[in-house]
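Q: I'll drop the sequence and a predicted model, then ask my questions.
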Amino acid sequence: MAALAIAGKDLRTEWRTRESLNSAVSFALVILVLFSFAFDLDREERLAISGGLLWLVYAFAGALIVNRSFAREVPNDCLEVLVTAARGWAIFLGKAFACFVLLLIVELISLPIFGLFYNIHWAGSLAALLLVIMLSTWGVTVVGAALSAITVNVRLRELMLPVLLYPLMIPLLIGAMEMTTGLLNGNAVLSDIRLLIVYDVMFTAIALYLIDFILVI
Amino acid sequence: MHAAAADAVWKYFGDYPALRGASLHVEKGTCVALIGRNGAGKTTLLRILAHLSKPSKGKVDIAGSIGYLGHGIGVYDDLSAIENLTLFGKLAGLPNAKVSAESALELVGLARVKDSLAREFSRGMRQRLAIARAFLHEPELLLLDEPFTSLDDRAVDVLQKLLSGARSRGATIIMSTHQIREAMELASDVALIERGKIVFSGARSSEMLLDPGWLYRTYGEAVQ
Amino acid sequence: MPRRTIYTLGILGTLLLLYDFYRIFLVIPIDALQGDIFRIIFVHVPAAFTAFCFYGVAVYASIAFLATKNFKWDSMAVSAVEVATMFTLVNLATGSIWGRVEWGIWWAWDARMTSQLMCFLLYLGYLLMRPAIAEPQQRGVMSAVLAIFAATDIPIVFWAIRLHNVRTQHPGPVLETGALAPVYRPPFYGDWLAFVLLATAMMLVRLHQESNRREIDSLRRELHAI
């Protein structure tokens, strides 16, 4: 399928250079370290902010990864050629899926390090935690990939994309943060799962519908 | 039987009309040289025909698959030649993309370097790879934007070979250029575009072949 | 849009506003618990309602632009977003002032204020992005898409924040219409109408400005083409 071919292409080129993976993982680590200096917390406080902190790190890393998504099509005018070769929805799904995989890798690398630095046990309700992570990551990458397509030809793209992305992600982050904090504190209650699902479904649908307007002006 | 038809197409960039009611009907199997000066609207028209851009007004009708070769090279630097072509083969829905890619690389003389990354190629090699990409899926309609510009002699050879191959299997070709001489030799039909309008469209005549400036003098605004 | 319409709307709106202020400050009884600062409600809430009306106009115009490619819809969208963002700012500022007087703090992360702040940020992004795109067709399309994304996000933001009334237990203002005493309603709705009239006048001014700009752009390009 065309979308899989495009996702495969993105992942393959990323694996060859590892540019955004390296920068996203480094950035995540630096943020984790910086936050440990910013606050001097006892165990309870750390558990209380755990979900919030983790998703801040993931959101920042996510912005880096989605920014590269359509930006990698700019050299050699590849985006143009891709648009003639494949349908808009296939390009979008392929790229969103590639971002999803890359962000998931960054998140799964950062999670044990987070657990280490902050002495938080995260393997407790692992299945539920992974579900929350995957649903939220899909939301981030879908909106991020759409914004990446929108800002690919905009001046100051690197600055503009985060400015547009973070406000749009707020409801998703709220749900993810609350549930993650709950799970890390040992309450396996997925109270906001509906929020994540609605967010994911709505934005995937809207992005797929509007992608042709974005790519063919 | 039209392979491509543009009906009174207008294209505005802001409020500036790059195309002003351009109409072009291209018969299946013909090779059209789209001639015009810089800024006349050749690239804009081709992009609209390739579905890269929407017309502000007017209709465009294309029958069949499209192969597009624009100003940009359109190959991925971090993929090898074979990977590049296999990707585009898969996107075009070819049943055995890898095999088609290999034979395409043979045709353009890049078989020896098929596993090298495109970033290692010289400019001429990249151009040949781009040409291979456009012709890979044997499209019914080829849209080429100034294809001969800055090609080295090997690439010119390859392009001419592929063009005649495409013509013999009945494909339609629309080729924009301002290098009249080369285009005239290959073309069966000619269209002249000036300031966003098609001012002439018809079969290539002997006058055009013998004196390329004739077209501009007769139908267009000649240079003072 | 004829100047007369703009002036009429502007004057009507201003007069209505003045009349309402007269009512608010001199006629109606003040709330015993909250004191004079309660009067700011008559600006605070109608500003929010007005902002939402115009966000609605902006989304409608954005969809219309994508459907028709007519630039008048793009101009309408940007004008509506600017006016709505301004009224959101008024809402946030008046809310902040009220909070300072009532609870002693400039900001409380209660559900409503947080949701409004999110709206503000979303459409601020829209206004920041527009100047970064030079080509008008591209700018129009990208803005329209962004406006639609933002509009989709807003109900979800409200839902998410309500689910968690994040931060404190500070009492939100009890402003469900219904809980508003009947004697307060006329100036309340009056203010809302006044704001809508003023906002429409402002939007028309902006629309006029946009169409002038497009004309200048087009003349400039024609000149270059010669």
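A: Nice, thanks for sending it over. Every value quoted in this text rests on a predicted model; they were computed, and no experiment measured them.
Q: what about the residue of chain A found nearest chain C, helix or strand, and which?
A: When C-beta to the nearest C-beta is the measure, chain A has its nearest residue to chain C at A:Pro171, with 3.7 Å between them. In this view, the C-beta of every residue, glycine as well, is placed from N, C-alpha and C. In the assignment (DSSP states H and E), A:Pro171 maps to helix A:157-184.
Q: who touches stretch A:210-217?
A: Residues lying outside stretch A:210-217 but in contact with it, judged by C-beta atoms under 8 Å, 6 or more residues apart in numbering or on different chains, are A:79, A:83, A:88-89, A:91-92, A:146, A:149-150, B:51-54, C:66, C:137-138, C:141-142, C:144-145, C:148.
Q: which residue is nearest the centroid of chain B?
A: Averaging the C-alpha coordinates of chain B gives a centre point, and the residue nearest to it by C-alpha atoms, centre = their mean is B:Leu144 (0.9 Å).
Q: Pull up the pairing partners for the helix or strand hosting that residue, direction included.
A: Element membership for B:Leu144, per DSSP H and E: strand B:141-145. The pairing partners recorded for strand B:141-145 under DSSP bridges are strand B:66-69 (parallel), strand B:172-177 (parallel).
Q: which parts of the helix or strand just after the first one are buried?
A: Spelled out, that is strand B:66-69. Taking DSSP H and E as the definition, the helix or strand that follows strand B:66-69 towards the C-terminus is helix B:81-91. Taking 16 or more other C-beta atoms under 10 Å in any protein chain shown as the basis for neighbour counts, the residues of helix B:81-91 that come out buried are B:Ala81, B:Ile82, B:Glu83, B:Asn84, B:Leu85, B:Thr86, B:Leu87, B:Phe88, B:Gly89, B:Lys90, B:Leu91.
Q: Which elements pack onto the lengthiest helix in chain C?
A: Of all segments of type helix in chain C, defined using DSSP state H, the longest is helix C:185-225. In this structure, helix C:185-225 makes packing contacts with strand B:16-27, helix C:3-22, helix C:41-68, helix C:71-103, judged by 3 or more C-beta pairs under 8 Å, 6 or more residues apart in numbering or on different chains; DSSP states H and E.
Q: residues in contact with the first one?
A: Looking back up the chat, that one is strand B:16-27. Under the criterion C-beta under 8 Å, 6+ apart, external residues in contact with strand B:16-27 comprise B:1-12, B:32, B:34, B:41, B:44-45, B:48, B:55, B:58, B:172, B:174, B:189, B:191, B:193, B:195-198, B:201, C:218, C:221-222, C:224-225.
Q: Disregarding flanking residues, what is the spatial nearest neighbour of C:Leu122?
A: Distance criterion C-beta to C-beta, 6 or more residues apart in numbering or on different chains; nearest residue to C:Leu122, sequence neighbours excluded, is C:Ala150 at 4.1 Å.
Q: Could you do C:Gly190 as well?
A: Closest residue to C:Gly190 apart from its sequence neighbours, by C-beta to C-beta, 6+ apart: C:Asp20 at 4.4 Å.
Q: Contacts only, for that neighbour.
A: Applying C-beta under 8 Å, 6+ apart as the definition, the contact partners of C:Asp20 turn out to be C:Phe42, C:Pro187, C:Gly190, C:Asp191, C:Ala194.
Q: I'd like those laid out as a markdown table, including pLDDT.
A: Formatted as a markdown table, the contacts of C:Asp20 follow (pLDDT from 0 to 100):
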| residue | pLDDT |
| --- | --- |
| C:Phe42 | 81 |
| C:Pro187 | 76 |
| C:Gly190 | 83 |
| C:Asp191 | 85 |
| C:Ala194 | 87 |
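Q: Just the buried ones from those, in PyMOL syntax?
A: In PyMOL, a selection of the buried entries from the contacts of C:Asp20 looks like this (16+ other C-beta under 10 Å):
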select buried, chain C and resi 42+187+190+191+194
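Q: tell me which of the contacts of C:Asp20 is nearest to B:Leu151?
A: The shortest separation between B:Leu151 and any of these is 68.4 Å, and it belongs to C:Ala194 (by C-beta to C-beta).
Q: any idea how far A:Leu41 is from the closest one?
A: 50 Å (C-beta to C-beta, to the nearest Å).
Q: Get me the contact residues on chain A for chain B.
A: Proximity of chain A to chain B is assessed by C-beta under 8 Å from any C-beta of the partner chain, with A:2, A:5-6, A:9, A:12-13, A:16-17, A:75-78, A:80-86, A:90, A:216-217 identified as the residues in range.
Q: What subset of the residues you listed is buried?
A: By the neighbour-count criterion of 16+ other C-beta under 10 Å, these include these buried positions: A:2, A:5-6, A:9, A:12-13, A:76-78, A:80-86, A:90, A:217.
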